[in-house]
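Undergrad: Fold the stuff below for me.
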Amino acid sequence: MPKADPVKIIKSLSSALSGAQRPWRRMRLKLPTPAALGLLLALALLALAHLPPLPDRSPHLLPASSPPSPWWEAAATLSGERSCSKGPPTPPAHPWQDQPPSWGRRRQQRAMGDAPPWLSADDLQKMQLLTHGRVVSKTRIPAHGQVLRVGLRAVGDTEGDALPAGPEGDCQNGRCGLIKRPGDLYEVLAFHLDRVLGLNRSLPAVARRFTSHLLPYSYTNGSPRPIVWWAPDLQHLEDANNDQNSCALGWLQYQEMLQPHGLVPVAGDAPCSSIPRTEWSYLALFDFLLQVHDRLDRYCCGFQPDPSEPCVEEMLHEKCRNPAELVLVHILVRQSAPSRLVFIDNAGRPQHPEEKLNFRLLQGIDSFPEVAVAVLQSGRLQSLLLESLHVDRELWESQGGAEGLRPLLQTIDRRARILLQYIQEQNLTVFGDLPH
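TA: Numbering: from 1, shown residues only. From the prediction side, this is the model:
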């Protein structure tokens, strides 16, 4: 049977419609709407039935995000996961996991082209690995509870796929990340704040939902978690009780180091003695904006802590009466850059009350980095952070976009204004970025 010509069919139907209208026109009446619609619908369906099929151009959609649940509202429950017999269904695997390698490379190039200038090419490469890398191994971090270190293989990494999965080998090659608790998502914002201010001392971090069968259910129940790049050459002390430092440093020694003509911090200790005074200014500014106490004031000596604070429960706050007993923690450098501090565990306190801001974090600091201060003075801190956070699709969508993130950014902005006022009242200076 010869195939019908859609053009001829359309012409015939058009003639029929025109003929059907003539009696009605002579009577000066309009064609009834149902009849007209019926003829037009039949005409459209018949034409479409004879058209050649179109190629598939449907977009590859990302998995739908859960309703916004700001992580700062869960800050009080960070000591453990919620216990529940049933969790939300595991979201489907990300579409890029099934795409050819060239698709992943094009996506990375497009993301790099759209990224703000303060995110370097190296930052974006590590963020891509953390966001899309396939989990190939896992190890527990002693004394760190819910933190898992995972080995990652980039999409399309055929060379890496040929190697046996092993956490030590992957981590030494820079293909590892630390998965932290859902409440630690603040650490992702801390990374972007670090880059916006031009400090560049924290490690890349992204938000991600995990689906790997290698991970426990609490990691794959649909909640976004932060994953932070694992730097393979962090310098750690051999002391098992103090392995989160590159050097042992007490509060009094630290204050002596901050003096213009201070003594060498710890005689014979290369990592500490190579850290210049300017590095502590970077750290103090960063920690004040985030209200991170665990590095410079883990004893909460700079404010009156609530009874539920770990520094009170662990009887640390009582040591504030004897400064000689106070020590600094998380003071780390990399072997490849022993004069630059590395900021880790940056999930500070988004809900720390403004009337209890810890100014002890600024004690002894007499100057601040010029670039960072200029950003704070510009009045654009919130908009710059929004532009940067928008690069992290999972964080952006899970927190409700700009509107969901706004309260947190306003808190950071208010602290920035307080810091600027402090700098002015104390008549402190600024310094340019010094090579070291």
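Undergrad: For the chain, which residues score under the pLDDT cut-off?
TA: Along the chain, segments meeting pLDDT under 70 span 1-113, 143-144, 158-167, 240-243, 261-271, 433-436.
Undergrad: let's see 50
TA: 10, 13, 17, 20, 22-31, 52-68, 74-113, 263-270, 435-436 (pLDDT under 50).
Undergrad: In it, which helix is the longest?
TA: Taking DSSP state H as the criterion, the chain has its longest helix at helix 401-425.
Undergrad: Check which helices and strands it is in contact with.
TA: On a contact count with 3 or more Cβ pairs under 8 Å, 6 or more residues apart in numbering; DSSP states H and E, helix 401-425 meets helix 277-290, helix 370-377, helix 381-389. (C-beta placed from N, C-alpha, C; glycine too.)
Undergrad: Need the winner for burial among those.
TA: With neighbours defined as mean count of other Cβ atoms under 10 Å, the helices and strands packed on helix 401-425 peak in mean count at helix 277-290, which reaches a mean of 22.
Undergrad: What is the subsequent helix or strand relative to that one?
TA: Sequence-wise, the next helix or strand downstream of helix 277-290 (DSSP states H and E) is helix 310-313.
Undergrad: ok, residues contacting the next helix or strand after that following helix?
TA: Counting by DSSP H and E, the element after helix 310-313 in chain order, helix or strand, is strand 332-334. Strand 332-334 is contacted by residues 231, 233-236, 244-246, 271, 274-275, 339-342, 344 when judged by Cβ atoms under 8 Å, 6 or more residues apart in numbering.
Undergrad: ok, now stretch 305-315?
TA: Surrounding stretch 305-315, the residues in contact under the criterion Cβ under 8 Å, 6+ apart are Ala76, His293, Arg298, Tyr299, Cys300, Leu316, His317.
Undergrad: State the number of residues packed around the closest residue in space to Cys301 that isn't next to it in sequence.
TA: Leaving out its chain neighbours, the residue that sits closest to Cys301 by Cβ to Cβ, 6 or more residues apart in numbering is Cys320, at 3.9 Å. Cys320 has 17 neighbours, counted by other Cβ atoms under 10 Å.
Undergrad: Next: the one 4 residues further on.
TA: A total of 10 residues lie near Ala324 under the criterion other Cβ under 10 Å.
Undergrad: Out of the helices and strands packed on helix 401-425, flag the one nearest Ala115.
TA: With Cβ to Cβ, the closest approach to Ala115 among the helices and strands packed on helix 401-425 belongs to helix 381-389: 8.4 Å.
Undergrad: elements contacting that closest one?
TA: On a contact count with 3+ Cβ pairs under 8 Å, 6+ apart, helix 381-389 meets helix 186-196, helix 401-425.
Undergrad: Using CSV, lay out those together with mean neighbour count and distance to Arg349.
TA: Compiled in CSV, the helices and strands packed on helix 381-389 are given as follows (neighbours: other Cβ atoms under 10 Å; distance: least, Cβ to Cβ, whole Å):
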stretch, mean neighbour count, distance to Arg349
helix 186-196, 25, 8
helix 401-425, 15, 10
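Undergrad: Would you format these as a markdown table with distance to Ala372 included?
TA: Output for the helices and strands packed on helix 381-389, formatted as a markdown table (distance: least, Cβ to Cβ, whole Å):
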| stretch | distance to Ala372 |
| --- | --- |
| helix 186-196 | 9 |
| helix 401-425 | 10 |
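Undergrad: Give the burial count for Gln244, as a bare number.
TA: By the criterion of other Cβ under 10 Å, Gln244 has 18 neighbours.
Undergrad: which ones are touching it?
TA: Gln244 touches His236, Val329, His330, Leu332, counting by Cβ under 8 Å, 6+ apart.
Undergrad: For burial, what's the neighbour tally of the second one?
TA: Okay, so that is Val329. 15.
Undergrad: Please renumber the chain so that the first residue is 318 from this point on.
TA: With 318 as the first residue, the last one maps to Val646.
Undergrad: what's near enough to touch it?
TA: Contacts of Val646 (Cβ under 8 Å, 6+ apart): Gln561, Asn562, Asp611, Arg612, Arg615.
Undergrad: State the distance from it to Glu742.
TA: 29 Å (Cβ to Cβ, to the nearest Å).
Undergrad: right, and the helices and strands packed on helix 698-706 - which one's nearest Leu465?
TA: Comparison of the helices and strands packed on helix 698-706 against Leu465 by Cβ to Cβ identifies helix 503-513 as nearest, at 14.7 Å.
Undergrad: Let me know the angle separating that closest one from helix 687-694.
TA: Relative orientation of helix 503-513 versus helix 687-694 (axes from the mean of the first three to the mean of the last three Cα atoms, to 10 degrees): 110 degrees.
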